[in-house]
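>>> what follows is a protein structure lacking sequence information:
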């Protein structure tokens, strides 16, 4: 879309970028002074290798933030600045940067696409107002695309879709759009139509303005010289031309008219006010749909996008510099500002009045971005060698000033921000203040963790807390020890800092072996942690075998109590009656286990940390059962006895009765307590351990193993071997197999010339699978995976954590 049309849409609130006018129009405002309607907090989310970072680097170049386009392959990107990222060519941690697209301020976050770093996506999406979902034009929606889409949908983040790599052989725009609808259930609607594909991709037809948008060889309009670009990214110039100037104008006009009609119909279906205009246009015998004023269409499309009713979809080839300018225009035109989003809810421990926040029943409060009272959310913590801990905040209301006391309402403690730093990837620039709607890095917050809420000190919101962040459950474990025993203390101190940075990292000591165990989301996750220990903290570590994080549970609720789930099993009574040191100890407990729905894998997979006590608390709650009490049991216990009983049950849940793995998949309810004169808190604690073991065995206890949702890409020649290896050698269950020729319009996901196998496979069977798959397919195959659920294990496990995965498997 051109500048004048974007300005028609945003007038009088904001202007817009053009896509072919220099973006060097200087920022009209200091970062803290941008009006809320001129802000866009946007994240780039996608499956790994879809082109997120390449797209971001092109955006930075077009906006005048960089003098060259960073290259993932050569390791000179602005956003991937960690040594581990540049060596591997992947994004490991989310990186933020602010830029101006004319007088609109875009706070941009580039997120990882690898499943092992889902936590980085989660906490970025938590504070976004909008997102750009990037897809590979050949593969369409992939496994991690589904994951990041679910994360964005959970927080109801409006989005655009960008079909990237249209210059690749096998690129198929229609297939990619169809995969958005089929696999994500997303209301994708194309607002562009590609001109060619693969080597023939030259540009797009803008279905809003019905113009050709071409990228022709020549100096890029944003640089004074084409020498700023590498040969891999030749300089191009965006040119708009009428469809009447096209060589095959008749065919293009017919196809574009049909695509535009589908767009208009989709908008009319979700926007009542536009529906009237649409119906009037249909009845117009002369002009027809061409009579619809463009400003009305743009306004309706924006309303639908902000409401999540439509997913405007564009296409391009970021590596070649094609399609990114219209994407930026669409970010400005269709994604919401902070004032367009639903007001976030804070939970109150005490009711307060004052300000413009609205109090609701249930002690909840709507946080209004126009309110002067400060309310900010800590979504990330990092460690800087010079500055120490750096906390990243999103401000939802009020203004934050450097060196002015604030309150951590989550922990009820005073904090003092010593420095406010504007973020530009790894470059931080000091500012004196920052206003609502912005993200900012803060130095000096000593007791603030990911998920904490910060408010004005002694202000009306001092007891308000925002919802926390879902923490992925660890599914891998790795034993580590320093090469030199003199480095043991340095290792422990470094791991404390790394845990604070990464809540999905778990650290504990194995009770039997005494080994220090790292627990994480995947092999690569733990590999990166060990690399950081060496590079950033100077601690060389030796690592043992990677273990899978098993759990112990009971056979599912559906099998026992029907599809409703959540009901209790038969109550089990356990008596503890012992002579200890000449003294009798007695207690009797009645426990009932309440299975969780097995379909609700999130109950085992993640924990929602509303008021995080610490990163460790987040992980500890990820699988541990809740301890509940009946009214009768509560009445039979004093405070000391109840605390001892809870402590005993919580300890018992950390080591199950079968193989010593943590317990998951059900809650524990204490139904009754029998005491006599010899009942002590210690007796209740001892009885609780025996009672849980007895209840689990009565409920048919099983060892649970993590199961991954896997997509395997296999060429035709080795398809049978790959399928056999998955199902026989790796105990996989195939859910679907997609395969089609280019001429088939079947709505499936497939990489050009390859079958795509969708399967559920136990994680332990996927150790070393990348090498095995390369061998079977002679280097032509590939796969991606994401955590799905825990399921009963079919392999043997010895008591004490042995079996086929060793003592570190807890």
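In hand now; what should we look at? All values derive from a computational prediction rather than experimental measurement.

>>> and the longest helix seen in the chain, which residues are buried?
If you go by DSSP state H, the chain has its longest helix at helix 249-270. For helix 249-270, the neighbour count (16 or more other C-beta atoms under 10 Å) marks 252, 256-257, 259-260, 263-264, 266-270 as buried. C-beta: built from backbone N, CA, C; applies to glycine.

>>> and these, which is closest to residue 459?
Using C-beta to C-beta, residue 270 comes nearest to residue 459 of the buried residues of helix 249-270, at 40.2 Å.

>>> helix 249-270 and whichever helix or strand comes after the longest helix of the chain, what's the angle between them?
Scanning forward in sequence from helix 249-270 by DSSP states H and E, the next helix or strand is helix 272-283. Using axes from the mean of the first three to the mean of the last three C-alpha atoms, to 10 degrees, the inter-axis angle of helix 272-283 relative to helix 249-270 is 140 degrees.

>>> which helices and strands sit right next to helix 272-283?
Applying 3 or more C-beta pairs under 8 Å, 6 or more residues apart in numbering; DSSP states H and E, one finds that helix 272-283 makes contact with helix 249-270, helix 294-306.

>>> can you redo the ones you listed as TSV with distance to residue 654 and mean pLDDT?
Converted to TSV, those look like this (distance: least, C-beta to C-beta, whole Å; pLDDT from 0 to 100):
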stretch	distance to residue 654	mean pLDDT
helix 249-270	50	92
helix 294-306	46	96
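
>>> make JSON lines out of the ones you listed and add distance to residue 672.
Listed next are those as JSON lines, based on distance: least, C-beta to C-beta, whole Å:
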{"stretch": "helix 249-270", "distance to residue 672": "55"}
{"stretch": "helix 294-306", "distance to residue 672": "54"}
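
>>> quick one, which of the ones you listed is nearest to residue 322?
Distance to residue 322, taken as C-beta to C-beta, is lowest for helix 249-270 among the helices and strands packed on helix 272-283, at 17.7 Å.

>>> which stretches of the stretch 651-800 of the chain have low pLDDT?
Across the stretch 651-800 of the chain, the ranges flagged by pLDDT under 70 are 739-753, 796-800.

>>> can you give me the helices in the stretch 651-800 of the chain?
With helices called from DSSP state H, counting those that start in this stretch, the stretch 651-800 of the chain shows them at 681-698, 719-724, 769-776.

>>> quick one on the thing from earlier: any idea how far the longest helix of the chain is from the middle of the chain?
34 Å (C-alpha atoms, centre = their mean, to the nearest Å).

>>> name the surrounding residues that touch it.
187, 189-191, 193, 195, 205, 207-208, 210, 212, 243, 246, 274-275, 278-279, 281, 289, 292, 297, 300-301, 304, 307, 309-310 (C-beta atoms under 8 Å, 6 or more residues apart in numbering).

>>> can you check stretch 492-507 too?
118-119, 381-383, 389, 449-451, 469, 471-472, 474, 516-521, 525, 529, 532-533, 536-537, 539, 612, 615-616, 618-619.

>>> quick one: buried ones out of those?
Using 16+ other C-beta under 10 Å, the buried members of those are 118-119, 381-383, 389, 449-451, 469, 471-472, 474, 516-521, 525, 529, 532-533, 537, 539, 612, 615-616, 618-619.

>>> just checking, residue 315 touches residue 166?
Yes. Contact criterion C-beta atoms under 8 Å: residue 315 and residue 166 qualify, at 5.2 Å.

>>> give me the common contacts of those two.
With C-beta under 8 Å, 6+ apart as the test, residue 315 and residue 166 both reach 137, 173, 194, 323.

>>> ok, the second one touching residue 314?
No. Counting by C-beta under 8 Å, residue 173 does not reach residue 314; the two are 10.0 Å apart.

>>> which residues do those two both contact?
residue 163.

>>> from residue 77, how far off is residue 237?
24 Å (C-beta to C-beta, to the nearest Å).

>>> look at these two and report which has more neighbours.
More crowded of residue 237 and residue 77, by other C-beta atoms under 10 Å: residue 77, with 25 against 16.

>>> in terms of contact, does the more buried one touch residue 53 like I think?
Yes. Contact criterion C-beta under 8 Å: residue 77 and residue 53 qualify, at 5.8 Å.

>>> of all the helices of the stretch 651-800 of the chain, which lies closest to residue 783?
helix 769-776 (6.0 Å).

>>> elements contacting that closest one?
Packed next to helix 769-776, using 3+ C-beta pairs under 8 Å, 6+ apart, are helix 719-724, strand 782-792.

>>> in CSV: those, plus distance to residue 659 and mean neighbour count.
Compiled in CSV, these are given as follows (distance: least, C-beta to C-beta, whole Å; neighbours: other C-beta atoms under 10 Å):
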stretch, distance to residue 659, mean neighbour count
helix 719-724, 30, 16
strand 782-792, 13, 20
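
>>> among those, which comes closest to residue 733?
strand 782-792 (9.6 Å).

>>> what lines up beside that closest one in the sheet?
Partners of strand 782-792 in the sheet, by DSSP bridges, are strand 701-715 (antiparallel).

>>> separation between residue 787 and residue 708?
6 Å.

>>> quick one: common contacting residues for these two?
residue 763.

>>> so for stretch 335-347, mean pLDDT?
If you average the pLDDT over stretch 335-347, you get 94.

>>> that stretch: how far from the chain's middle?
Worked out by C-alpha atoms, centre = their mean, stretch 335-347 lies 19 Å from the chain centre.

>>> quick check: end-to-end length of it?
Stretch 335-347 has its terminal residues 27 Å apart, counting by C-alpha to C-alpha, to the nearest Å.

>>> then stretch 460-467?
One end of stretch 460-467 sits 18 Å from the other (C-alpha to C-alpha).

>>> stretch 658-666 too?
16 Å.

>>> how about stretch 304-316?
Using C-alpha to C-alpha, the two ends of stretch 304-316 sit 23 Å apart.

>>> re the thing from before, now the helices of the stretch 651-800 of the chain as JSON lines including distance to residue 486?
JSON lines is the format used below for those (distance: least, C-beta to C-beta, whole Å):
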{"stretch": "helix 681-698", "distance to residue 486": "39"}
{"stretch": "helix 719-724", "distance to residue 486": "48"}
{"stretch": "helix 769-776", "distance to residue 486": "36"}
